[in-house]
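1. sequence plus the predicted model coming up.
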Amino acid sequence: MKPAAFSAPPTWWNDVRTGAACYDAGHYWDAHEHWERAWKAHLDLHRHYLKGMIQLTAVCHHLARGKPRAARALLDRGPLHLTDNHPLSWPFDTAHLLAVAAVLARSIDRGGHPRPPKLGLVRMMEAWALDHLMATGAAAPCDHTSATATGKPSPP
């Protein structure tokens, strides 16, 4: 049984979608900033799903900088947020994200230095929107200026 459709995008939609575009473009810090803003604004208990996405993005940020140990520590916590917070209510393929997290953890545990995975998060959101939203508009590109407007500069 699929969840009921929304007549308009939920309040968190724009920040989550822009974060997905940033992730897909390899701008992990900016994705983190957009998702953190959505996480803080979303008052429902299951908002912690976004915390899992934030931690998965931090994993990729560390991997892109050649810091697999820092990434590995987050791989123990992040997936729990995804599974424990209404995973079918969010616009991402949670099973795929969990499988990717497990593969990354296993690779790091074996001494590997994996690269951040390509996930196609915008495509996941668009597929979800077909079933859940009546009108979503075009995908927003990664917006570096609004993500860094918090005063936190994007790391190099």
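-> That came in fine, so what should we check first?
2. now do Arg123, the pLDDT please.
-> Model confidence at Arg123, given as pLDDT, is 93.
3. if you could redo that for Pro155, that was the one I meant.
-> pLDDT, Pro155: 56.
4. with His48 instead?
-> Note for His48: predicted pLDDT of 86.
5. so who does it touch?
-> 39, 81, 84-85 (CB atoms under 8 Å, 6 or more residues apart in numbering). (Glycine included, C-beta is placed from N, CA and C.)
6. among the residues you listed, the buried ones, what's the PyMOL command?
-> Selecting only the buried entries of the contacts of His48 in PyMOL, with 16 or more other CB atoms under 10 Å as the criterion:
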select buried, resi 39+81+85
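7. closest to Gly26 out of the contacts of His48?
-> Distance to Gly26, by CB to CB, is smallest for Trp39 among those, at 21.2 Å.
8. grab the nearest non-local neighbour of that closest one.
-> Distances taken as CB to CB, 6 or more residues apart in numbering put Leu50 closest to Trp39, at 4.0 Å, once the chain neighbours are dropped.
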